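Enquirer: fold the following for me, if possible:
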Amino acid sequence: MNNHPLALGTALALVALPATAHHGVAGLGAASLEGPGAPLEQSSSATLPKGRVFSYFKVDDADWKTYTPETDDEAKSSTFWMAGLGYGVTPWLSLYAFLPYHDKVDENDRFNTHGWADAAINATIGFKYDDGFKLVPERESLDDLEDWHFTVYAGATLPTGDPNLRDRDGNIDKGKSTGFGKPTFTLGATASKMLGERWTLNVDIANLWFQQNTYDADPAHGGEKFTGQFGDEFRLNTAAIYKLYTNPEHRFRLDLLGELNYLNLGRDKEDGVAERGTGGQMLYLTPGVRAYWNNVSFAFGVKLPIATDLNEDNEQQGAEGKENYRLIFSISALF
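Expert: You can find the predicted model right below:
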């Protein structure tokens, strides 16, 4: 490959956080004024430059479909906030930590919940294909950036959220709580490729596993403790990013992006028994834009469910696949 220097830009990355999948996700990407584009709601094959610190903030606001005419206990909206830090240990190894905050609102405001959720850590290893597979080097030319790039990533959450939030009757609602009680684990992989000067293709595949947690006693369970386990989550995402405009003088770049986000949720279990009204498959379309200015990136998109196959469709109000829309905004910076 040729080795002419990059004229503009440094990598600017966002890391995936599949561990919060039940409550929104982050996406990983990387871009510079010249080079591949970054998706919004999925991971890309970027790693942080060695010795660089990355900061990240994201808001995911879900507006739920409602089905009854009266103002009752149907879920109205959920807002998932997320702050994160990352560090490039080597050109091919990046480490991240995230702290989410959740806010869930019902129509009648009788059981709204909010609070810090489960913190998460993530490690990402990047490599590329250029006459064979190799770890991402410290420096890459523009031609090098057009090679296939890949990452594998793994993460886990820490049980910093509260899994035992209770309604006014004292009963615990696992879905409205802000924690899972036990660490969750995720494993994923990405592939990214520049297609000419302006287009970038990205693919991301990941799975998330939950552990069984023992919840406190409540009246709904006869005053006894009970166990709960969320169903596994499988995600397959793809994105196309188009570099629409660059202004080298002002170090500005604007991208358009379109994503397809497939999600397969397993059934939740309580005391070892599969629960009705949980699980299924859904496909989202996420159009959006991303702007870069110096070392800062801003992204905005609308996530829309375009196809769903839920296990008990009429019993899953307030769950994934039942959104009117999700508004997603993120800002990140590299120092």
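Enquirer: tell me how many other residues surround residue 255.
Expert: Residue 255 has 26 neighbours, counted by other CB atoms under 10 Å. From N, CA and C alone the C-beta is placed, and that goes for glycine too.
Enquirer: separation between it and residue 157?
Expert: Distance, residue 255 to residue 157, using CB to CB, to the nearest Å: 30 Å.
Enquirer: likewise for residue 254?
Expert: Residue 254 is 34 Å from residue 157, by CB to CB.
Enquirer: comparing the two, which residue is more hemmed in?
Expert: Neighbour totals were compared for residue 254 and residue 157, and residue 157 leads with 27 against 16 (other CB under 10 Å).
Enquirer: the more buried one contacts residue 120, doesn't it?
Expert: Yes - with contact defined as CB atoms under 8 Å, residue 157 reaches residue 120; the gap is 4.6 Å.
Enquirer: right, and the helix or strand after the lowest-mean-pLDDT helix or strand in the chain?
Expert: Among the helices and strands of the chain, strand 29-31 carries the lowest confidence by mean pLDDT, DSSP states H and E, at a mean of 43. Downstream of strand 29-31, the next assigned helix or strand under DSSP states H and E is strand 53-64.
Enquirer: mind listing what's buried in that following strand?
Expert: Neighbour counts over strand 53-64 (16 or more other CB atoms under 10 Å) mark 54, 56, 58, 59, 60, 61, 62, 64 as buried.
Enquirer: next one: stretch 189-202
Expert: In terms of neighbour count (16+ other CB under 10 Å), stretch 189-202 has its buried residues at 190, 191, 192, 193, 194, 200, 201, 202.
Enquirer: can I get the buried residues of strand 53-64 in a markdown table with pLDDT and distance to residue 76?
Expert: A markdown table is the format used below for the buried residues of strand 53-64 (pLDDT from 0 to 100; distance: CB to CB, whole Å):
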| residue | pLDDT | distance to residue 76 |
| --- | --- | --- |
| 54 | 90 | 34 |
| 56 | 89 | 27 |
| 58 | 93 | 21 |
| 59 | 95 | 17 |
| 60 | 95 | 15 |
| 61 | 96 | 11 |
| 62 | 96 | 10 |
| 64 | 96 | 6 |
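Enquirer: which of those residues sits closest to residue 161?
Expert: Distances from residue 161 to the buried residues of strand 53-64, taken as CB to CB, are shortest for residue 60 (16.0 Å).
Enquirer: so in terms of bridging, what pairs with the closest one?
Expert: residue 80, residue 328 (DSSP bridges).
Enquirer: distance check, it against residue 79.
Expert: Residue 60 sits 7 Å away from residue 79 when distances are taken as CB to CB.
Enquirer: ditto for residue 41
Expert: Distance, residue 41 to residue 79, using CB to CB: 16 Å.
Enquirer: looking at those two, which is more packed in?
Expert: residue 41 (28 against 19).
Enquirer: let me know the pLDDT of that one.
Expert: At residue 41, the model reports a pLDDT of 89.
Enquirer: residues contacting it?
Expert: Shown in contact with residue 41 (CB atoms under 8 Å, 6 or more residues apart in numbering): 25, 27, 237, 259, 261, 284, 286, 301, 303, 328.
Enquirer: tell me which of the residues you listed fall in strands.
Expert: Using DSSP state E, the subset of the contacts of residue 41 located in strands is 237, 259, 261, 284, 286, 301, 303, 328.
Enquirer: of the residues you listed, closest to residue 107?
Expert: Proximity to residue 107 was ranked across those by CB to CB; first place goes to residue 303, at 21.7 Å.
Enquirer: what is the neighbour count of the closest one?
Expert: Per other CB under 10 Å, the neighbour tally for residue 303 reads 23.
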